[in-house]
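Engineer: Got a sequence here, can you model it:
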Amino acid sequence: MAEDCCATNGNVMILACAGGSNVGQLSNQAAVELTQEGFGKIFCLAGVGGHLSGFVQSARDVPQMVAIDGCSVGCVKAILEHAEVPLKQYLVLTDLGIEKNKNFNLARADVEKVKTAVKASTGGSAANGQPSGKTSSGSCCNC
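Structural biologist: Next up is the predicted model:
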């Protein structure tokens, strides 16, 4: 089913930090939960960062994307810029008032705050279209 791996099913592509702090892990946890809830689909940021052509092209082609950085270091933003992927909706969790630390016991309220911010950044709903997730050349990320 590699053909289906990039499909957004009309939802938002979510590219999240998964860095070594609470805000990195909050980014990832929110992305996982939003995917499980059917709001969007978490996508492989490492594939984009590795300049794997299918991943990069899928990220370029997707109609709606949210990039979530944990902090102002901006690793997700830098990866997308380096891969020449246009930045669409963009969140930084420390800008939401969440303090960066090394406590990995994530507060449920913080996860919910991030999920709410992601939804708000997209106008509260996923894209109306039904993109296939395939690149313009017909390939996919094969994740």
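
Engineer: in what helix or strand does Leu91 lie?
Structural biologist: Element membership for Leu91, per DSSP states H and E: strand 89-92.

Engineer: Just give the strands next to that strand in its sheet, each with its orientation.
Structural biologist: Taking DSSP bridges as the criterion, strand 89-92 sits next to strand 65-69 (parallel) in its sheet.

Engineer: re the thing from before, after the strand holding Leu91, heading C-terminal, what element do we hit next?
Structural biologist: helix 108-121.

Engineer: looking only at pLDDT, what's the mean for that following helix?
Structural biologist: For helix 108-121, mean pLDDT rounds to 97.

Engineer: Point out where the protein drops to low pLDDT.
Structural biologist: Judged by pLDDT under 70, the chain has its weakly predicted residues at 1-10, 125-143.

Engineer: And the helices in it, which stretches?
Structural biologist: 22-36, 45-49, 53-61, 75-82, 108-121 (DSSP state H).
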